[in-house]
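*Asks:* structure, please.
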Amino acid sequence: MHEAALAMEVMALLERQHDRLSRITRIEIDIGALSCVDDSALRTALLTALPGPLADGAELCLHPVAAQARCLTCGA
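*Replies:* Coordinates of the predicted model:
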């Protein structure tokens, strides 16, 4: 379940910015269609990791992003 590791990395990133932030009210994350990330598992992991003085009660917005491809031969 790499979603838990992703959630921990998101929280570590936010904590590294704590001196520049007073409070986090919303977290927005784009999830690529080819990322193999289960959005419900990531949501659960993030909601578990969020409580704390910096991001307690923050709104969590996960946005699916469609895959895109381009032909290397013709560019279509």
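
*Asks:* kindly list the longest helix within this protein.
*Replies:* helix 2-16 (DSSP state H).

*Asks:* export whatever helix or strand comes next after that one to PDB, keeping only CA atoms.
*Replies:* Using DSSP states H and E, the helix or strand that follows helix 2-16 in sequence is strand 26-32. This file holds the C-alpha atoms of strand 26-32, laid out as PDB (Å, rounded to 0.1, in the frame of the first residue of the first chain):
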ATOM      1  CA  ARG A  26      -6.900  23.000   1.900                       C
ATOM      2  CA  ILE A  27      -4.700  20.400   0.200                       C
ATOM      3  CA  GLU A  28      -5.100  19.700  -3.500                       C
ATOM      4  CA  ILE A  29      -3.500  16.800  -5.200                       C
ATOM      5  CA  ASP A  30      -3.700  15.700  -8.800                       C
ATOM      6  CA  ILE A  31      -3.700  11.900  -9.300                       C
ATOM      7  CA  GLY A  32      -2.600  10.700 -12.800                       C
END
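
*Asks:* and the longest helix of the chain, which residues are buried?
*Replies:* Buried residues in helix 2-16, counted by 16 or more other Cβ atoms under 10 Å: 3, 6-7, 10-11, 14. (C-beta placed from N, C-alpha, C; glycine too.)

*Asks:* got it, and stretch 19-33?
*Replies:* Buried, per 16+ other Cβ under 10 Å, within stretch 19-33: 24, 27, 29, 31.

*Asks:* and for stretch 34-49?
*Replies:* Neighbour counts over stretch 34-49 (16+ other Cβ under 10 Å) mark 37, 42-43, 45-46, 49 as buried.
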